[in-house]
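Trainee: Structure for this input, please:
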Amino acid sequence: MKLGYGVGYWKQGPPAGVLRAIRTAERLGFDSVWTAEAYGSDAFTPLAWWGSRTSRIRLGTGIAQLSARTPTAAAMAALTLDHLSGGRVILGLGASGPQVVEGWYGQPYPKPLARTREYIDIVRQVWEREAPVTSDGPHYALPYRGADGSGLGKPLKATVHPLRRDIPIYLAASGPKNTALAAEIADGWLPFLLSRKGLQDARAHLEEGFALRAAERAPREHFEVALQLPVIPHPDVETAADMVRPLIALYVGGMGAKGANFYRDAIDRLGYEEVGESIQELYLAGRKAEAAAAVPTRLVEEIALIGPPEKIRDELAEWEESVVTTMVVQAPAFALRTIRDVLQGGSLTRAKLGALAFAYATRRQGARA
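Mentor: Residues are numbered from 1 along each chain as shown. From the prediction side, this is the model:
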């Protein structure tokens, strides 16, 4: 299984020490680095900046939101960065949710699957350069045909020849239908809050999509699944769980409206409906610390690898036998070597684990201060 490094969302500014962490990840043999995008920092600019300080690690948008830019603009950004980086780009795309799409981008959210299918078709037309780009819509009609237009639009072909016509496209998806869509039309899947309990269902949804996959798409054997999975090696399980609880509370409680939160839906499917209700109510009421505290350890253990190395390795086996091909971890630079060693079966002394626990504790105290 390959390893990826997730930068995560920015807060007041770029994450502290992020360039050091990315360069450390590359030196340790990590396969990819992934940026995030919500309604603050964008997904492409950081990859260009940090990618210029690396030479091998692949550069993935995790994820670029469909509504943030038109399909042709996304295609232009990817082909530009692919040239600059020497062919290292992975275009991760996702529909986001109604609060962001309609509240931040001022666009309608309904029919995300149809929009995704149309979007990806246009992106690929740009890269293939076989003909001027056209689309019958209805979501991204090219050229524009609205009555309020000039009527002068014409189909155009990209002036720049892409370095690669087959830049990989990974699709972020959580529900059954869009997971199947990823297997049908994309080169990879970006799941989140996927549990070991849900692996068989995930495989079944992917199989539905593979059955519809066009012959000209890359063989299913080349299909990638890059899962963002918290990995916290630590002598104490509860302390490790405390580092993951705020992340779960953020997504389940704050990433979506009440009754329209895909991450809440994901943990509901795991059998945590009452827990999800409590987390969401607390978070939306502004009681974020209490929302995090309401996340049970057993839920953390379903969607993360936490605790002593031997525990992590025992639980890792199930992931290694699953559809997941890349494990995307998010951690400070000082923890990356230990995480790699734990996941790849390297030696880890009790002293090293203790030093890591101390470093985590010092970092958390500094953040609180």
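
Trainee: Could you find the closest non-adjacent residue to the residue nearest the centre of the chain?
Mentor: The chain has G62 as the residue nearest its centroid, 3.9 Å off, counting by C-alpha atoms, centre = their mean. Nearest non-adjacent residue to G62, counting by C-beta to C-beta, 6 or more residues apart in numbering: W34, 3.4 Å away. C-betas here are computed from N, CA, C, even on glycine.

Trainee: got it, and Q107?
Mentor: That would be S67: by C-beta to C-beta, 6+ apart, it lies 4.9 Å from Q107.

Trainee: Reduced to three states, what does A73 come out as?
Mentor: helix (DSSP: H, G, I helix; E, B strand; the rest coil).

Trainee: Where do the strands of this structure begin and end?
Mentor: Here the chain has its strands, by DSSP state E, at 2-8, 32-35, 58-61, 64-65, 89-94, 169-172, 188-190, 224-228, 231-233, 305-307, 326-329.

Trainee: wouldn't T297 be in contact with A241 here?
Mentor: Yes - taking C-beta atoms under 8 Å as the definition, T297 is a contact partner of A241 at 4.7 Å.

Trainee: So for the two, which sits in the more crowded spot?
Mentor: Shown here are T297 and A241; by other C-beta atoms under 10 Å, A241 has more neighbours (23 against 16).

Trainee: Retrieve the pLDDT associated with that one.
Mentor: Note on A241: pLDDT of 96.

Trainee: Let me see the contact set for it.
Mentor: By C-beta atoms under 8 Å, 6 or more residues apart in numbering, the contact set of A241 is V295, T297, V300, E301, A304, I306.

Trainee: Please give me every residue in contact with the second one.
Mentor: Contact criterion C-beta under 8 Å, 6+ apart gives V237, E238, A241 as the residues in contact with T297.

Trainee: Kindly indicate which of the residues you listed lies nearest A361.
Mentor: E238 (13.3 Å; C-beta to C-beta).

Trainee: burial measure for that closest one, as a count.
Mentor: 11.

Trainee: again with D242
Mentor: Using other C-beta under 10 Å, D242 is surrounded by 19 other residues.

Trainee: cool, and G4?
Mentor: Going by other C-beta under 10 Å, the residues that sit close to G4 add up to 24.

Trainee: if I look at it, how far off is A331?
Mentor: Separation of G4 from A331 (C-beta to C-beta, to the nearest Å): 12 Å.

Trainee: can you give me the helices in the stretch 201-350 of the chain?
Mentor: Ranges of helices in the stretch 201-350 of the chain, per DSSP state H, counting those that start in this stretch, are 237-249, 262-269, 273-284, 288-293, 297-303, 309-320, 333-343, 350-368.

Trainee: how about those in JSON lines, adding distance to A73?
Mentor: Output for the helices of the stretch 201-350 of the chain, formatted as JSON lines (distance: least, C-beta to C-beta, whole Å):
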{"stretch": "helix 237-249", "distance to A73": "30"}
{"stretch": "helix 262-269", "distance to A73": "25"}
{"stretch": "helix 273-284", "distance to A73": "33"}
{"stretch": "helix 288-293", "distance to A73": "35"}
{"stretch": "helix 297-303", "distance to A73": "33"}
{"stretch": "helix 309-320", "distance to A73": "36"}
{"stretch": "helix 333-343", "distance to A73": "33"}
{"stretch": "helix 350-368", "distance to A73": "36"}
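
Trainee: Now do the contacts for L66.
Mentor: The contact partners of L66, by C-beta under 8 Å, 6+ apart, come to A74, L93, G94, A95, S96, P112, R115, T116, Y119.

Trainee: try 10 Å this time
Mentor: 74, 93-96, 101, 105, 107, 112, 115-116, 118-120, 139-140, 172 (C-beta atoms under 10 Å, 6 or more residues apart in numbering).
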